[in-house]
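Enquirer: From the sequence below, what's the structure:
(6 chains)
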Number of protein chains: 4
Amino acid sequence: MQDQLKKRRPGGRSQQVVSAVFSAAEEVLYSQGYVNFRIADVAQKAGVNETSIYRRWGTKEALLLEMLTKRAEQTMPIPDTGSLRTDLLAFLRDTLTTAQTALGTALIQIGLLSTQRPDLVPYRKLYWERRSAMMGVMFERAVARHEIQGQYDPAFLMEFTSGPILARLLISGEPLTVDFAARIVDNLMDLIQKD
Amino acid sequence: MQDQLKKRRPGGRSQQVVSAVFSAAEEVLYSQGYVNFRIADVAQKAGVNETSIYRRWGTKEALLLEMLTKRAEQTMPIPDTGSLRTDLLAFLRDTLTTAQTALGTALIQIGLLSTQRPDLVPYRKLYWERRSAMMGVMFERAVARHEIQGQYDPAFLMEFTSGPILARLLISGEPLTVDFAARIVDNLMDLIQKD
Amino acid sequence: MQDQLKKRRPGGRSQQVVSAVFSAAEEVLYSQGYVNFRIADVAQKAGVNETSIYRRWGTKEALLLEMLTKRAEQTMPIPDTGSLRTDLLAFLRDTLTTAQTALGTALIQIGLLSTQRPDLVPYRKLYWERRSAMMGVMFERAVARHEIQGQYDPAFLMEFTSGPILARLLISGEPLTVDFAARIVDNLMDLIQKD
Amino acid sequence: MQDQLKKRRPGGRSQQVVSAVFSAAEEVLYSQGYVNFRIADVAQKAGVNETSIYRRWGTKEALLLEMLTKRAEQTMPIPDTGSLRTDLLAFLRDTLTTAQTALGTALIQIGLLSTQRPDLVPYRKLYWERRSAMMGVMFERAVARHEIQGQYDPAFLMEFTSGPILARLLISGEPLTVDFAARIVDNLMDLIQKD
DNA sequence: GGATAAGCGAGACGGTACGTCTCGTCTTTTG
DNA sequence: CAAAAGACGAGACGTACCGTCTCGCTTATCC
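Expert: Take a look at the predicted model:
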């Protein structure tokens, strides 16, 4: 692995190109949104030839997919504040912040459009599972602290956490305040208590 | 209504064209999804010239908007089963059923993508408000029945109702079972009790 | 036929576009040669969108084919000077003049490349046959004038007429002088006398 | 020249690569024609890296040029049958045979396209001059045999020999029969007699 | 016999042209 | 008059070649 990174493979610029394209792609996705995401823009911003992008990724979607997968792999550290409630709040605050950026919107759009683009499904799953796993860790800690009992279904909890955020974001369009996050956490705590 | 259909405006086919286009559009939206929704397909399916569609609606989105608005106006009757819980369940079951169809998915996609297409925002709002209003009625009745007190925020409740559905639909991708609906209602009832 | 041209079909600019493209194509073929003939250049020079060209002709070759076919249909009048010898000389002089232009070269290139592009074959044939027919007329007249007897094979004569021109043009590259034309005609007259 | 080939320079495979590429190039030229001649195909067929070809020859045309030049250097022995007529016939028969192969067509194409590719001109000249020289030898012998007088212009005769072949090949497309060769020779003999 | 020069394999990359696919507009003809 | 019919302008997309470059390795020659 280290080898692989160290050993510069023939063809010189590969690394620079890839990272330049990723940054550019993120910028473009950020500024234009998914629908207006243009390969040409990415190429120009990355100072890379359009063809090189097509060569390596083939399609717009493939590029986005890979970029987002990479991105999904470098999420925040799992909060560990000492209480489940504050852990969840920290976690949600991060989610809200991300979701409010144009990039966040784009992420969600891609997730949504994956209905029509089966190639995007794996990314969606990956993202979802990573978040679920993070929640899982927070709950395990809470169990270890005897805050709660061992009964919970992380996937289900995820649904009741992300759901309202999505709803507000996609439909009512109202801002995602910290207050809102608190309300979601309250609800979540209720659900857990009941289980 | 009869009037509207009968009164042939000069130059003739207007009414037929409009309704043919609406049906065709719905079919196409149903079978192709929003992203692959093509005016050409609609025109062909409606047996109408493409230009006629552009003349009347201008854009793909405008057509969809009008079509969906019309559709949103003929929603289900508001359930009135005698208890808030069963009302909510009936309401949710309908939502789930719709959401699971390809058309439902398309509707959601449009709602989502309206971030990029400001012209779609009104539709999204309309849809959302109608559903909110329906919930409002159910709650009013519950208040009248002394099932609950007058304290509640319909918009907020909507978020906690639709949210998990969206989450499951868009991210985890798991099926929307009746069980799931029940769980949502349970959660909702809890929230209300607390208020 | 007149009808077809007169009856302006809906869609407006058709006629202008077609003729603008043909002129532009000829110019480009003239200035760039066949190998460097670019649709984009034609489009730009014609003040027409590239897509319109692709829509109507599909390929570079199809465009050239149609253009050249049209061109082949408007050849010079058949010389009628009173003697076969002078008729042939006039005919050849025209051929030489055309052949020396860049357009002529391009024509020949296309004829040649039709080996690889079967779609170009018809054009080649057409062109050849028209020239043959013209020679046929000149010979008929000579027969009528009792200059020669009825024995001759126009195709064969064409080969011995065009052949040396091609040879000089394609291989030795020496200029096509009037002298050269005379020499060819002399040879041709000999061949006829012998027949 | 021998030196250059013998002196194996460091770095090994040079010779194998060169000859493998030449064979492959000929095959490809044979099967695909000039227009569809692809370096990539040559490389693959030769079991050699594409880059190696570009390194050594720079361009497609340069490769072809060198290959064809080499080929042109190994032409048939000059016929010496005892009479000019039969010498010419033998010579032409060879020409016709070559011309009819796909390779022959390719050769002609290259000669033709050299209008656009000045780098190919030398090859064309070389080929032409070699053939001219061969004819020259045949004529010298005829003069020595007192078959003909010393008056003739080899280049001119070449034009009247190759010309009809080109014409038939490029335009009428009819097959190059032995009969046709005879006819050309007859014509040629006439021309000589006259000179 | 080890340095070293020449050259090859491998993998991109820049660049140009091509042809396809939609969207939305425009113009003419026809019922 | 409005719909039908047929292009057209615009612009993104993805493909196919060409020729260039860089790195790592191998091989013969030369000191």
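
Enquirer: got a list of what the spatially closest residue to residue A:54 that is not a sequence neighbour touches?
Expert: Nearest in space to residue A:54, with sequence neighbours left out and distances taken as Cβ to Cβ, 6 or more residues apart in numbering or on different chains, is residue A:39 at 7.2 Å. To be clear about C-beta, it is placed using only N, CA and C from the backbone, and glycine gets the same treatment. Taking Cβ atoms under 8 Å, 6 or more residues apart in numbering or on different chains as the criterion, residue A:39 is in contact with A:50, A:53, A:54, A:60, A:63.

Enquirer: burial count for the last one?
Expert: The reference is to residue A:63. Number of residues near residue A:63 (other Cβ atoms under 10 Å in any protein chain shown) recorded here: 21.

Enquirer: what mean pLDDT does stretch A:163-171 have?
Expert: For stretch A:163-171, the mean per-residue pLDDT is 86.

Enquirer: what about the residue nearest to residue A:54, distance to residue A:70?
Expert: Summarising the geometry, the distance separating residue A:39 from residue A:70, computed by Cβ to Cβ, to the nearest Å, is 18 Å.

Enquirer: now swap in residue A:135 and tell me
Expert: Note on residue A:135: its distance to residue A:70, by Cβ to Cβ, is 22 Å.

Enquirer: Find the centremost residue of chain A, please.
Expert: Computing the C-alpha centroid of chain A and ranking residues by Cα atoms, centre = their mean puts residue A:72 first, at 5.0 Å.

Enquirer: Could you double-check that it sits in contact with residue A:124?
Expert: No - Residue A:72 is beyond contact range of residue A:124, at 9.7 Å (criterion: Cβ atoms under 8 Å).

Enquirer: picking up where we left off before, settle it for me: which of residue A:135 and residue A:70 has more neighbours?
Expert: Just comparing residue A:135 and residue A:70: by other Cβ under 10 Å the higher neighbour count belongs to residue A:135, 21 against 12.

Enquirer: Distance-wise, check that one relative to residue B:107.
Expert: Residue A:135 sits 29 Å away from residue B:107, going by Cβ to Cβ.

Enquirer: what do you get for residue A:26?
Expert: Counting by Cβ to Cβ, the gap from residue A:26 to residue B:107 is 30 Å.

Enquirer: same check, this time on residue A:22
Expert: If you measure residue A:22 against residue B:107 using Cβ to Cβ, the figure is 33 Å.

Enquirer: quick one: contacts for residue A:27?
Expert: Listed by Cβ under 8 Å, 6+ apart, the contact set of residue A:27 reads residue A:45.

Enquirer: ok, back up a step: between residue A:26 and residue B:107, tell me which one has more neighbours.
Expert: The residue with the greater number of neighbours, taking residue A:26 and residue B:107 and applying other Cβ under 10 Å, is residue B:107; the counts read 22 against 19.

Enquirer: what's the helix or strand for that one?
Expert: When secondary structure is defined using DSSP states H and E, the element that contains residue B:107 is helix B:102-113.

Enquirer: do the same with residue A:80
Expert: Element membership for residue A:80, per DSSP H and E: none, as it lies in no helix or strand.

Enquirer: ok, it touching residue A:86?
Expert: No - with contact defined as Cβ under 8 Å, residue A:80 does not reach residue A:86; the gap is 9.6 Å.

Enquirer: buried ones in the longest helix along chain A?
Expert: Of all the segments of type helix in chain A, defined by DSSP state H, the longest one is helix A:121-144. When neighbours are counted by 16 or more other Cβ atoms under 10 Å in any protein chain shown, the buried residues of helix A:121-144 are found to be A:123-124, A:127-129, A:131-132, A:134-136, A:138-139, A:141-142.

Enquirer: Turn those into a markdown table, columns for distance to chain B.
Expert: What follows is these, written out as a markdown table (distance: Cβ to the nearest Cβ, whole Å):
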| residue | distance to chain B |
| --- | --- |
| A:123 | 11 |
| A:124 | 6 |
| A:127 | 8 |
| A:128 | 5 |
| A:129 | 9 |
| A:131 | 9 |
| A:132 | 9 |
| A:134 | 14 |
| A:135 | 13 |
| A:136 | 14 |
| A:138 | 18 |
| A:139 | 17 |
| A:141 | 23 |
| A:142 | 20 |
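
Enquirer: which residues of chain A fall in helices?
Expert: Taking DSSP H as the criterion, chain A contains helices spanning A:2-6, A:14-32, A:39-46, A:50-57, A:60-72, A:84-100, A:102-113, A:121-144, A:154-167, A:178-194.

Enquirer: and these, which is most packed in?
Expert: Comparing those on average neighbours per residue, with mean count of other Cβ atoms under 10 Å in any protein chain shown, the densest one is helix A:154-167 at a mean of 23.

Enquirer: for that helix, the distance to its chain's centre please.
Expert: 14 Å (Cα atoms, centre = their mean, to the nearest Å).

Enquirer: Check whether it comes near chain B.
Expert: Yes - residues of helix A:154-167 contacting chain B under Cβ under 8 Å from any Cβ of the partner chain: A:155, A:156, A:158, A:159, A:160, A:162, A:163, A:164, A:165, A:166, A:167.

Enquirer: which other helices and strands contact that helix?
Expert: Helices and strands touching helix A:154-167, by 3 or more Cβ pairs under 8 Å, 6 or more residues apart in numbering or on different chains; DSSP states H and E, are helix A:84-100, helix A:121-144, helix A:178-194, helix B:154-167.

Enquirer: Mind splitting chain A into its structural domains?
Expert: The record, using automatic domain parsing to delimit domains, assigns chain A the ranges A:2-58, A:64-194.

Enquirer: any chance of these in a markdown table, with distance to DNA strand E too?
Expert: Formatted as a markdown table, the entries for the domains of chain A read as follows, by distance: least, Cβ to the nearest atom of the strand, whole Å:
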| stretch | distance to DNA strand E |
| --- | --- |
| domain A:2-58 | 3 |
| domain A:64-194 | 13 |
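
Enquirer: Of all these, which one is nearest DNA strand F?
Expert: Between DNA strand F and the domains of chain A, the shortest gap by Cβ to the nearest atom of the strand is with domain A:2-58, which sits at 3.3 Å.

Enquirer: Do me a favour and average the pLDDT over the closest one.
Expert: Per-residue pLDDT values over domain A:2-58 give a mean of 83.

Enquirer: just how off-centre is it within its chain?
Expert: A distance of 20 Å separates the centroid of the chain from that of domain A:2-58, by Cα atoms, centre = their mean.

Enquirer: For residue D:30, which of the domains of chain A is the nearest?
Expert: Nearest to residue D:30 among the domains of chain A is domain A:2-58; the distance by Cβ to Cβ comes to 30.7 Å.

Enquirer: Enumerate the residues of chain A near chain C.
Expert: Checking chain A against chain C by Cβ under 8 Å from any Cβ, there are no hits.

Enquirer: what residues does chain A put near chain D?
Expert: Proximity of chain A to chain D is not found for any residue under the rule Cβ under 8 Å from any Cβ.

Enquirer: Indicate the residue of chain A located nearest to chain B.
Expert: Taking Cβ to the nearest Cβ, chain B has its nearest neighbour within chain A at residue A:163, 2.9 Å off.

Enquirer: Nearest residue to that residue in space, please, no chain neighbours.
Expert: Counting by Cβ to Cβ, 6+ apart, the nearest residue to residue A:163 once its immediate chain neighbours are dropped is residue B:163, at 2.9 Å.
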